[in-house]
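Q: Here you go, sequence then predicted model.
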Amino acid sequence: MQISRIYSNRPAIFAPIDFNFGDHADRLNVIYGEVHQPRDQKRDSHNLGKTTLIHVIDFLMLKGMSPDHFLVKHIDRFKDFVFFIEIALNSGDFATVRRSASDPNKVAMQRHPQPNVDMTDAPDDAWDHVDMSREEAGKLLDGWLNLTLLKPYDYRQAITYFLRSQADYRDELQLAKFAAGKDRHWKPFVAHLFGFNETSVQRKYELDDEIERLKQKQADQQTTVQFKEDQLPELIARIKVLQQQVDEVETNIDAFKFEPEERRLLRDVVETIEAETSEINDRLYNIRYDVRQIDLALNHKDKFDVDEIAQVFDETKVLFPDSLKRSYEELVAFNKKVTRERNMALRRRREQLVTEEGELYVRKEVLDEQREGQLGILRGTDTFAKFKELQKELSQQRAQLVYLEEQQKLLEHVAETARLARECERDRGRVIDEIKTMVARPTPVFERFSKIFNSYCQRVLNHDGIFYFWVNSNNNFDYQIGLQLPGQVSATSSLSEGTSYKKLVCALFDLALLKVYENAHFFHFVYHDGIFEALDDRKKIALLTVIREQIADKKTQYILTLIDSDMPRDADQKRIEFGKDEVIVHLSDDGNDGRLFKMNEF
């Protein structure tokens, strides 16, 4: 796929752009900005529309519209514009896409055997498809492009790798559009692009999400349960004992056999209520003691006055040097800081203790009531009164049984969720092993790319180009790109972190990828915005040599933008000019007529 032509219904403002493609793809496509008014300080050669053309191409390739897109921000200026792009398909024929600024969700498409078909004034019935939504048009265009290597992904996933604006030189694979998103939106595609099985990469992210969801669900479920997951067997056993006890008590009460129940009540008072009450009393004593100690600590004030120390030195006729005074002052300041932090911690601890004390008093009251009620039953002599009290006690036991059974059901849900989370974690472990095995076995595509990329880096940057995939600290599929210091296998140069070298590494990365897929159903163009800006002339020449060699077989269409001050120069500072048939757009600082859109700046 290459771009053959872009035009609009307003040619006087946006002139048609005819690209070198197909049989002429061995020529560069230069969007060239010139400075004609160097003495006019109010003019600027950096706001002519070189980057804007990328956005026009992306718009015509059916990009979704965002509020910051220039056609949206300045719709008042572009509401009457209709844009067209003619694409050279890999099948040998051509496709034209029509999209308007005022209604970007209505797309028309036409397929035709020959290039340079002007569809500006074509009626709707002359188009193969009209008034399609952007989504429908995208699916159709994806079919026409037939980029089989991308499947199951569509062309939109990869096209912006070959439309590099200035914002896309920060990373070779993580473009600006991915910067605010999650890795899962693009790293599986990167794996696919280099011949790896992206299923494991995608599955790892899905399992991360599922485990996080299950753990959050488990935490939410746990808030309704008094017991922990590992206490489920104990809870089941307690329920069985309590059920047996309730059945026995009910049988004894119905038969007016009070003696077994009285023995149980006596045992409960002694072994349970009295024991817990004793523990509460011990804890209350410790809490009161701790609160008292905290209050004493909070009321203690450190008394250290530097001026008093200075006065002592003065009275004893001993020199009190400034350095020593500063040391005292720093010590005092440090001591105050430590004291503040300690006091904050003590106050928090005091609040916790007071809260716990209140809860213990409440529990103690409950136990006292239980003791009083059970002792009342034991001391009673009226048979019918004792029967009623034991019936009441039985009702409380039944209520406790219902509560525990409900807790069991809820805890079983917690346990099931925890089981599913552990199962997902086991699956994740297997997937991580799959990814580690995968990156340890380079694919033919990856090996060919690495060879070409390294060759380009050696020729342009005089360093070996290092590129490999690995599993990062989060156990996710990741990559590393850089330049290796000559003769040092384990040393990586920091040159690739610099802006200029990062830009060159990105450009060489794109060219190497296009070279790998030059005979496949893939993209066969790249647009590099401002690629020569701020580069050393020697690097410009080296890069230009690589580019010209790659496009010589007409399988790669190369589009670049630059201003005349960035033109490459030889050792004698002589400009290396482009051919007249290679500069497809002339821009200048001659006011509106020199801009891509011949109108006032926007």
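A: On my side now, so go ahead.
Q: Helix, strand or coil: sort out L562 for me.
A: At L562 the chain is in strand, as set by DSSP: H, G, I helix; E, B strand; the rest coil.
Q: quick one, what contacts the nearest residue to Q157 once chain neighbours are set aside?
A: In space, and not counting its chain neighbours, Q157 is closest to F189: 5.3 Å by Cβ to Cβ, 6 or more residues apart in numbering. Just so you know, the C-beta spots here come from the backbone N, C-alpha and C atoms, and that holds for glycine as well. Applying Cβ atoms under 8 Å, 6 or more residues apart in numbering to F189 gives the contacts Y153, Q157, A158, E198.
Q: and with 10 Å instead?
A: L150, P152, Y153, Q157, A158, Y161, L173, F178, E198, V201, Q202 (Cβ atoms under 10 Å, 6 or more residues apart in numbering).
Q: Measure how buried H463 is and give me the count.
A: 20 (other Cβ atoms under 10 Å).
Q: any idea which helix or strand carries T339?
A: Counting by DSSP states H and E, the element that carries T339 is helix 322-379.
Q: Against which helices or strands is the helix or strand following that helix packed?
A: Using DSSP H and E, the helix or strand that follows helix 322-379 in sequence is helix 383-439. Of the remaining helices and strands, those touching helix 383-439 by 3 or more Cβ pairs under 10 Å, 6 or more residues apart in numbering; DSSP states H and E are helix 187-193, helix 198-222, helix 232-254, helix 259-268, helix 322-379, strand 464-471, strand 477-484.
Q: so where is the protein shaky, pLDDT-wise?
A: 36-47, 171-172, 174-182, 247-275, 301-332, 334, 370-394, 485-498 (pLDDT under 70).
Q: For F467, name its beta-bridge partners.
A: Counting by DSSP bridges, F467 forms beta bridges with I481.
Q: wait, what's in contact with it?
A: So F467 contacts 172-173, 194, 446, 449-450, 453-454, 457, 479-482, 505, 509, 512 (Cβ under 10 Å, 6+ apart).
Q: ChimeraX command for the buried members of the residues you listed?
A: A single ChimeraX command selects the buried members of the contacts of F467 (16 or more other Cβ atoms under 10 Å):
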select :172,173,194,446,449,450,453,454,457,479,481,482,505,509,512
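Q: Tell me the one of the contacts of F467 nearest H413?
A: Taking Cβ to Cβ as the measure, H413 lies nearest Y479 of the contacts of F467, at 41.5 Å.
Q: Quick check: closest non-adjacent residue to the closest one.
A: Using Cβ to Cβ, 6+ apart, the closest residue to Y479 is F469 (5.1 Å).
Q: cool, and F453?
A: F453 sits nearest to A512 (Cβ to Cβ, 6+ apart), 4.1 Å away.
Q: Is that neighbour in a helix, a strand, or coil?
A: Per three-state DSSP, A512 ends up helix.
Q: I'd say S4 and F84 touch.
A: No: with contacts counted by Cβ atoms under 10 Å, S4 stays clear of F84, the gap being 11.1 Å.
Q: Name the residues contacting each of the two.
A: With Cβ under 10 Å, 6+ apart as the test, S4 and F84 both reach T96, V117.
Q: so who does the residue lying closest to T417 once chain neighbours are set aside touch?
A: The spatially closest residue to T417, leaving aside those adjacent along the chain, is Q218, at 4.4 Å (Cβ to Cβ, 6+ apart). With contacts defined as Cβ under 10 Å, 6+ apart, the neighbours of Q218 are E229, H413, V414, A415, E416, T417, A418, R419, L420, A421.
Q: What is the nearest of the residues you listed to D570?
A: Checking these one by one against D570 (Cβ to Cβ), the nearest turns out to be A421, at 65.4 Å.
Q: what's the burial count for the residue lying closest to the closest one once chain neighbours are set aside?
A: Nearest non-adjacent residue to A421, counting by Cβ to Cβ, 6+ apart: L214, 4.0 Å away. L214 has 20 neighbouring residues, counting by other Cβ under 10 Å.
Q: Quick check: the gap between L214 and Q408.
A: Applying Cβ to Cβ, to the nearest Å, the value for L214 to Q408 is 21 Å.
Q: ditto for M438
A: 45 Å.
Q: Neighbour count for the two, which is higher?
A: Using other Cβ under 10 Å as the criterion, M438 and Q408 rank with M438 on top: 19 against 16.
Q: Contacts only, for the more buried one.
A: By Cβ under 10 Å, 6+ apart, the residues touching M438 are A191, F196, N197, E198, S200, V201, F469, V471, F477.
Q: that older thread, the residue nearest to F453 touches C457, doesn't it?
A: Yes: A512 lies in contact with C457 (Cβ under 10 Å); the separation is 9.0 Å.
Q: Common neighbours of these two, please.
A: G465, F467.
Q: what's around the nearest residue to K79 once chain neighbours are set aside, how many residues?
A: Of all residues not flanking K79 in the chain, S102 sits nearest, at 4.5 Å (Cβ to Cβ, 6+ apart). Residues near S102, counting by other Cβ under 10 Å, number 12.
Q: correct me, but S102 touches F83?
A: No: the criterion here is Cβ under 10 Å, and S102 misses it with F83 at 11.3 Å.
Q: what do the two both touch?
A: With Cβ under 10 Å, 6+ apart as the test, S102 and F83 both reach L71.
Q: My understanding was that G22 contacts E86; is that so?
A: No: taking Cβ under 10 Å as the definition, G22 is not a contact partner of E86, at 11.6 Å.
Q: Can you pull the residues that touch both of the two?
A: Residues touching both G22 and E86 by Cβ under 10 Å, 6+ apart: S4, F94, P115.
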